[in-house]
Structures are given as structure tokens and as C-alpha cells.
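Trainee: Structure for the following, please:
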Amino acid sequence: MNDGTVTLPWLVVRQDDNGNRYRVGRYATRAEAERIADSLDGRGHQQLYWVERVGQNGTTAG
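Mentor: Here you go, the predicted structure:
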């Protein structure tokens, strides 16, 4: 990465009871994103959390 930017290709996504989806955050590694998703999921709420990878063109490949 010689342009000085940081790549954060891993997303944590939350889906609420109504089916609405929200991006929780972006992370550099899958392990970091999964750690955050697991932490949020462990709080006992009804929401679903999962990890997706963002492709080079900005699309997700979950």
C-alpha cells in the first residue's frame, strides 16, 4: 500500500428483528471482525451479527 491508505476489507453487519441491516464497523483482518461480531452476539440480544468481506469494487462477498 504505497498510497498511504489503510485497507479495511472486513465488515461486521447487524440485522435487527425487522430485517434491517446495518454496518457495525470495518476491520483489517477477518479474525478481528469475528472477535467483534462474537462479542456483540454474546450480549444476548435478538440481533444477528456476521462478517462479510468487501471486494475491490466495493461489493460484499458474504
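Trainee: In a helix, Arg43, correct?
Mentor: No: going by DSSP: H, G, I helix; E, B strand; the rest coil, the assignment for Arg43 is coil, not a helix.
Trainee: gap between it and Val54?
Mentor: For Arg43, the distance to Val54 (Cβ to Cβ, to the nearest Å) stands at 25 Å. Using the backbone N, CA and C atoms, a C-beta is placed for each residue, glycine as well.
Trainee: Among those two, which residue is more densely surrounded?
Mentor: Neighbours were counted for Arg43 and for Val54 using other Cβ atoms under 10 Å; Val54 has more, 17 against 8.
Trainee: Nearest residue to the residue nearest the centre of the chain in space, please, no chain neighbours.
Mentor: Taking Cα atoms, centre = their mean, the centroid of the chain lies closest to Val12, which sits 1.6 Å from it. In space, and not counting its chain neighbours, Val12 is closest to Val24: 4.2 Å by Cβ to Cβ, 6 or more residues apart in numbering.
Trainee: Count the residues that sit near the one you found.
Mentor: Using other Cβ under 10 Å, Val24 has 16 neighbouring residues.
Trainee: Shouldn't it be within a helix?
Mentor: No: Val24 is assigned strand when assessed by three-state DSSP, not a helix.
Trainee: just checking, it touches Arg14?
Mentor: Yes: because the distance of 5.3 Å satisfies Cβ atoms under 8 Å, Val24 is recorded as touching Arg14.
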